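# My questions are about this predicted structure, shown below with the sequence.
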Number of protein chains: 2
Amino acid sequence: MFETLELGRKLKRKDFNAAVLTLREQLLALQFQLEKANFPVIIIVSGVEGAGKGSVVHRLNEWMDPRLIETHAFWDHSDEEEQRPYLWRFWRALPANGRIGIFFGSWYTRPIINAASGAITEAQLNVEMQRVEDLERMLCADGALVIKLWFHLPADIARERLQADQLRELTRIELPENSTEQFEQGYANLVRVSELAIRATDTGPSPWHLVEATDDNYRELSAGQVVQQRLAARLAEPPPAPNVMAPVAPTNGKQPTVLDKVPLDAALETDDYKQQLAHYQQRLETLAWQARREKLACVAVFEGWDAAGKGSAIRRVTQSIDPRLYHLLQYAAPTDEEASHHYLWRFWRQLGRDGKFTFFDRSWYGRVLVERVEGFAADHEWQRAYSEINRFEEQLVDHGSVLLKFWLHISQEEQLARFQLREQTPHKQHKITEEDWRNRDKWHDYELAVHDMVAHTSTARTPWTLVAGNNKRYARIEILKAFCDALESRLG
Amino acid sequence: MFETLELGRKLKRKDFNAAVLTLREQLLALQFQLEKANFPVIIIVSGVEGAGKGSVVHRLNEWMDPRLIETHAFWDHSDEEEQRPYLWRFWRALPANGRIGIFFGSWYTRPIINAASGAITEAQLNVEMQRVEDLERMLCADGALVIKLWFHLPADIARERLQADQLRELTRIELPENSTEQFEQGYANLVRVSELAIRATDTGPSPWHLVEATDDNYRELSAGQVVQQRLAARLAEPPPAPNVMAPVAPTNGKQPTVLDKVPLDAALETDDYKQQLAHYQQRLETLAWQARREKLACVAVFEGWDAAGKGSAIRRVTQSIDPRLYHLLQYAAPTDEEASHHYLWRFWRQLGRDGKFTFFDRSWYGRVLVERVEGFAADHEWQRAYSEINRFEEQLVDHGSVLLKFWLHISQEEQLARFQLREQTPHKQHKITEEDWRNRDKWHDYELAVHDMVAHTSTARTPWTLVAGNNKRYARIEILKAFCDALESRLG
């Protein structure tokens, strides 16, 4: 693959200068168009060490208006990064709509280095590249423009530019001696592994642009031109075609759903409840401290009908846990920073570190629940969200976190009774709004949405727990028990 | 001081329950008022170990609407936190306007523990407390309500609740043996140091509320009532009085300013420039890598007239530095998240870690420049900003960072020439807007603002560099030289 990048392409200073004059004008004009568009641009600057990637980053910043660019280098990793899934560090740096993020180093760097140094096998590299491809596909589906640049040097040029000890330091690959032979062997291996990674991720929406990096002028102009062409093409694209995916099942007429199976008459008497509450809360307290010691992260999602008792159930859980060990997040409308990113961004940014609990009171499932039912997300958007969510959750589980997902279920009659009670109780009146009554009218639409959500996202590794909530005592104990069981099965 | 908290105050369950019913209603009503108000609430939960602080945090979350609260625990510290000034970790957790942040552990915790364990002297504790007082005063001046709760236990009760080994683990204070005597000695010392800290920070805008913590009911109801009373009082306050501070010097008639001293005819010939550019860029490249190795952070602020050449000067600096080692930030209008925080928040949140350069293209000085001249900040707001900024920068310097501040100065005539050139050059047209021409009309107002800024914020430890910018070559070399000199004097 890289033979095409060892041709010795060059560009004279004069030609370079002339081309750059035009290019800058074009890039700036595109940037101002982009500023008003509702998608972000991610430019990935990758390639072998010594290829002048840093200089390309400088040039792009020089040629474009830096007020609309942010450059992020991913290199040494903080403990905050290491204690979260690998992609967290990239998510937190994703540019907002209308802006350009230059990623110097990226999600490719570590897998390639690890494979070249033998820390992971080629099969593992493929798994990682699959994940990267999924991420890019998802960002592109959401509108992002991902421009991937790979800069290549022939081995002899690389050898001139880089001593083996530099290569060793930069890549952290073990190279036993500082000899030409060692260098070439190490370098050839790095190139071979890079080729595997590139091939695996050279996909339709985010193809690789390979650039011969020997000549500075040629390299930098090529990079700039790729950015210009991709951005111009993306901005010239017609608006997305209307949704052509299969329509959802008709919502008229009651269809049986997975919720019908929830044993809503399950109940617990007060005495029994008190005893079990004390038991499980005590167990959970101990387990939470143990999780901290063993650096186990726990992520829990709470979804459910309005008035299903989410809040009070969450409190029974948090009561048992030292406030230093958990973070409770409530999700309503996004802030403007959040709204100008991918919908998963505002959840990624809040993920807790190892040893901590993160509780999501409403979550990323809003995409396939309220956003679907209310039409805030187009059909193709919420439909593809199932696999996006599955992949997100897989990363949590792969990182080693415990993931719990609860749907608190109640009957329509029970909801009505609770709504009425809320209206009559002074310190509960704020909990009942016009919107709750409106949501209630869409009960069956929500039922179908929950059914589809469970069908698509309850996997062996990331199962849903559907909790019978007509009896609050029963529901709370079910949830506490689920926490204890999940933690116990994971802790030593 | 704490004798008043060892009286054995108690509350019966029945009385507690009755009082809580009323309290919850009041708290909720206040929260919904707060949601529409434009200030944040910070509740600091502090006190001795074993006093039930965690339980108070749970209660506050239970009694109030958790959608408008966020709880942050400050306890173990990540390396990202340790590699920035101490207060960074708190700044990044400050609640937005209309919201309540519960700080479990706070800026008090570490200084108190350090003083109790002997890691710092009492004089040092006083310095730290002075800094804390400054911070709270600043937040309150900006409108924040800071509610500080201290929970106290008599030694014998603490002894019952806490073993010395727990005390040791929780506070990381060395207690050689697990005996009663050792415990009481350690505990007495902790209480003594806490008293010093409380006294030093028991100020008008953010007084301490001391709560006897022996009885659960009494402790929790007291905490809730303090929050209720302070919040009610704050919401009932009349809007701030009109600005009664001294008027600024009259702006009619040209006054000499510090800018008149800048030698604007300083210049550098092209050949000389090229040679010096190569020299200083090479030096800076080496120094940047050395700074990384020695974990030295560098923060640089670039301010100046429109068209003074800030952008191109910054580029001459960044060109010399590996993009992995710096972060360039451009500041224009705040996002809504930023606008609903203290004006320094959006700068604090972007501070780089040790070993990195953070470049601010426009900065916190906007408060005393554009915000003053355009009237975006009230007089008392920008006037108190000088000391707020000085204290912020002192923290950077105390943390060990190198701080550089540049004002790029040009003459009015030079600016006019550059504006005209920009209008004629296609790839520069975007740089010149109506606003630039409007700003130009306010030249003298800005001159005065710059003069005052330098007068108030150019200190021995945080000096301004006023750069003669009529000759761009001269200005660039001056700036590069300043970087090299500052870094060299600090690196081994």
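Alright, I've got the coordinates.
# Got phi/psi on residue A:71?
phi -110, psi 130 (degrees, to the nearest 10).
# Tell me the pLDDT of it.
On the pLDDT scale, residue A:71 is placed at 92.
# Name the nearest residue to it, ignoring sequence neighbours.
In this structure, residue A:71 finds its nearest non-sequential neighbour in residue A:102, 4.5 Å apart by Cβ to Cβ, 6 or more residues apart in numbering or on different chains. In short, each C-beta sits where N, CA and C put it, glycine included.
# Low-confidence stretches in chain A?
Counting by pLDDT under 70, chain A has low-confidence residues at A:163-179, A:239-254.
# what residues go with each domain of it?
Per the record, chain A has its domains at A:2-236, A:258-490, by automatic domain parsing.
# Kindly reformat these as a markdown table containing mean neighbour count.
Formatted as a markdown table, the domains of chain A follow (neighbours: other Cβ atoms under 10 Å in any protein chain shown):
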| stretch | mean neighbour count |
| --- | --- |
| domain A:2-236 | 18 |
| domain A:258-490 | 18 |
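# Switch those domains over to JSON lines; also include distance to residue B:32.
Formatted as JSON lines, the domains of chain A follow (distance: least, Cβ to Cβ, whole Å):
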{"stretch": "domain A:2-236", "distance to residue B:32": "30"}
{"stretch": "domain A:258-490", "distance to residue B:32": "6"}
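# which stretch among these comes nearest residue B:461?
The minimum distance between residue B:461 and these falls on domain A:2-236, with 28.1 Å, by Cβ to Cβ.
# The closest one: how far from the chain's middle?
20 Å (Cα atoms, centre = their mean, to the nearest Å).
# before we move on, the earlier item: between the domains of chain A, which one is closest to residue B:142.
Using Cβ to Cβ, the domains of chain A put domain A:258-490 closest to residue B:142, at 19.7 Å.
# measure that closest one end to end?
Terminal residues of domain A:258-490 lie 28 Å apart, using Cα to Cα, to the nearest Å.
# is it true that the residue nearest to residue A:71 touches residue A:69?
Yes. Using Cβ atoms under 8 Å, residue A:102 is in contact with residue A:69, at 6.3 Å.
# before we move on, the earlier item: of the domains of chain A, which approaches residue B:327 most closely?
Comparing the domains of chain A by Cβ to Cβ, domain A:2-236 comes nearest, at 7.3 Å.
# thinking again about what came up before, shared neighbours of residue A:102 and residue A:69, which are they?
The contact sets of residue A:102 and residue A:69 overlap at A:60, A:61 (Cβ atoms under 8 Å, 6 or more residues apart in numbering or on different chains).
# Can you name the residues that contact the residue in the stretch 51-200 of chain A positioned nearest to chain B?
Nearest to chain B, among the residues of the stretch 51-200 of chain A, is residue A:73, at 3.8 Å (Cβ to the nearest Cβ). For residue A:73, the contact set (Cβ under 8 Å, 6+ apart) comprises A:104, A:105, B:323, B:324, B:325, B:327.
# 7 Å instead, please
Applying Cβ atoms under 7 Å, 6 or more residues apart in numbering or on different chains to residue A:73 gives the contacts A:104, A:105, B:323, B:324.
# Not counting sequence-adjacent ones, nearest residue to residue A:90?
In this structure, residue A:90 finds its nearest non-sequential neighbour in residue A:107, 5.6 Å apart by Cβ to Cβ, 6+ apart.
# brain fart, residue A:490
residue A:402 (5.7 Å).
# repeat for residue A:132
Of all residues not flanking residue A:132 in the chain, residue A:107 sits nearest, at 5.1 Å (Cβ to Cβ, 6+ apart).
# now residue A:137
Ranked by Cβ to Cβ, 6+ apart and with sequence neighbours excluded, the top spatial neighbour of residue A:137 is residue A:205, at 6.0 Å.
# so the one you found is in which element?
Using DSSP states H and E, residue A:205 sits in no helix or strand.
# What does it show for phi and psi?
phi -70, psi -30.
# Who are the contact partners of it?
Counting by Cβ under 7 Å, 6+ apart, residue A:205 makes contact with A:136, A:137, A:140.
# coming back round to it: what is the most widely separated pair among the contacts of residue A:73?
Within the contacts of residue A:73, A:105 and B:323 form the most distant pair, 9.2 Å apart (Cβ to Cβ).
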